[in-house]
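[1] Provided below are the primary sequence and the corresponding predicted coordinates.
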Amino acid sequence: MSLEIKPITPILGAEVSGVDLSRPLSNAEFDAVHRAFVTHSLLVFRDQNLSPEAQIEFSRRFGPLMVHVLKGANLEDHPEIYRVSNVKKDGKTQGRSYAGQYWHSDLTYEPRPSLGSLLYGLEVPEFGGDTLFASTAHAFETLSPTMQAMLDGLTAEHHFAHAFRGGANPAARKGDPLDERPPVRHPVVRTHPETGRKCVFVNEGFTVRIIELEPKESEAVLGFLCQHMTRSQVVLRHRWRTGDAVLWDNRALVHRAVDDYGDDQPRHMHRTTIEDTD
Ligand code: OGA
Ligand code: MN
């Protein structure tokens, strides 16, 4: 079966068929997948059967993998795999349950943020527990030239703990551990190294403030940007099926989880996170 790429929305996302990620991809196959990843920012691979080793091997072709700071959520033998899970084993949740209930891009609170993430659904609810995605490149391009010029050159502080201190969805604070990572700074607008498109690089989850603005100005501008980026008409909603592997570009998108399902609906995912070495 040959590789086929079908766009999902005109702004972002494509479904890729004819590829089995459990086997090493040929260079030609990988190049086609890589090109689709850069073009569409999000790729959905259906009906996959991925061992931790295979997920790590495929993800590594994009760059080095990051190990999540919440070590308890990582797979013991494979710390590159971070578990998003509400499934309990011996009375203990096996991974991070109800992760990312706020708009964010993965690991922007790290000095070197992430290039992309691959989330693989081993067990998913029959319905509910979708993931939402929005393009930060499209967000920048739909601002006025005046706003674009104002933002370009600004820097923002990012901190993991922000998401748990009322910065984002307050529900996300419940029972979450506080952060051991110090705050970091990143540009508010970043040029994507592979597409050359400018992307808004702030998010509801981890961005605390824009350094060069007064606190009230920063609050208003961040609030506006987060709302602008994630307006309903530009959002892609991924409805999970067991065996879905979803690869997204953290440089070009923000995403959030939706916790509209309960613990009676098991949801168990393996995530690998690729580092941005650019
Ligand atoms: C993540 C994340 C979304 C989800 O793992 O980074 O945001 O739907 N997960 O579980
Ligand atoms: Mn995430």
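    In hand now; what should we look at? Numbering: from 1, shown residues only. Ligands and ions are numbered 1, 2, ... in the order given.

[2] Could you pull up the residues touching the closest residue to residue 49 other than its chain neighbours?
    In space, and not counting its chain neighbours, residue 49 is closest to residue 22: 5.4 Å by Cβ to Cβ, 6 or more residues apart in numbering. For the C-beta atoms, the positions are set from N, CA and C on the backbone; glycine is no exception. With contacts defined as Cβ atoms under 8 Å, 6 or more residues apart in numbering, residue 22 is in contact with 48-51, 54.

[3] which one of those residues is nearest ligand 2?
    Nearest to ligand 2 among these, counting by Cβ to the ion, is residue 50 at 18.3 Å.

[4] Surely residue 22 is in a helix?
    No: secondary structure of residue 22 (DSSP: H, G, I helix; E, B strand; the rest coil): coil, not part of a helix.

[5] Can you pull the phi/psi pair for it?
    Dihedral angles of residue 22 (phi, psi; degrees, to the nearest 10) stand at phi -80, psi -10.

[6] Kindly report the same for residue 225.
    For residue 225, the backbone dihedrals are phi -60, psi -40 (criterion: degrees, to the nearest 10).

[7] neighbours around it, how many?
    Residue 225: 25 surrounding residues under other Cβ atoms under 10 Å.

[8] right, and it touches residue 199 too?
    No: with contact defined as Cβ atoms under 8 Å, residue 225 does not count as touching residue 199 (11.5 Å).

[9] Just give me the residues shared between the contact sets of these two.
    Counting by Cβ under 8 Å, 6+ apart, the residues touching both residue 225 and residue 199 are residue 139.

[10] Which residue is it, in the stretch 1-150 of the chain, that comes closest to ligand 1?
    Proximity of the stretch 1-150 of the chain to ligand 1 (Cβ to the nearest ligand atom) peaks at residue 100, 2.8 Å away.

[11] For the nearest residue to that residue once chain neighbours are set aside, list each beta-bridge partner.
    Leaving aside its chain neighbours, residue 100 sits nearest to residue 257 (4.4 Å; criterion: Cβ to Cβ, 6+ apart). Listed beta-bridge partners, residue 257: residue 131 (assigned using DSSP bridges).

[12] If you count neighbours, what's buried in stretch 122-135?
    122, 124-125, 129-135 (16 or more other Cβ atoms under 10 Å).

[13] ugh, typo on my part, it should be stretch 222-238
    Buried positions in stretch 222-238, judged by neighbour count with 16+ other Cβ under 10 Å: 222, 225-226, 228-230, 234-236, 238.

[14] Tabulate the residues you listed (CSV), appending secondary structure.
    Shown next, in CSV, are these (three-state DSSP):
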residue, secondary structure
222, helix
225, helix
226, helix
228, helix
229, helix
230, coil
234, helix
235, coil
236, strand
238, strand
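
[15] Make a markdown table out of those residues and add distance to ligand 1 and pLDDT.
    Below are those laid out as a markdown table (distance: Cβ to the nearest ligand atom, whole Å; pLDDT from 0 to 100):
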| residue | distance to ligand 1 | pLDDT |
| --- | --- | --- |
| 222 | 19 | 97 |
| 225 | 19 | 98 |
| 226 | 15 | 97 |
| 228 | 20 | 98 |
| 229 | 15 | 98 |
| 230 | 14 | 98 |
| 234 | 18 | 98 |
| 235 | 13 | 98 |
| 236 | 13 | 98 |
| 238 | 8 | 98 |
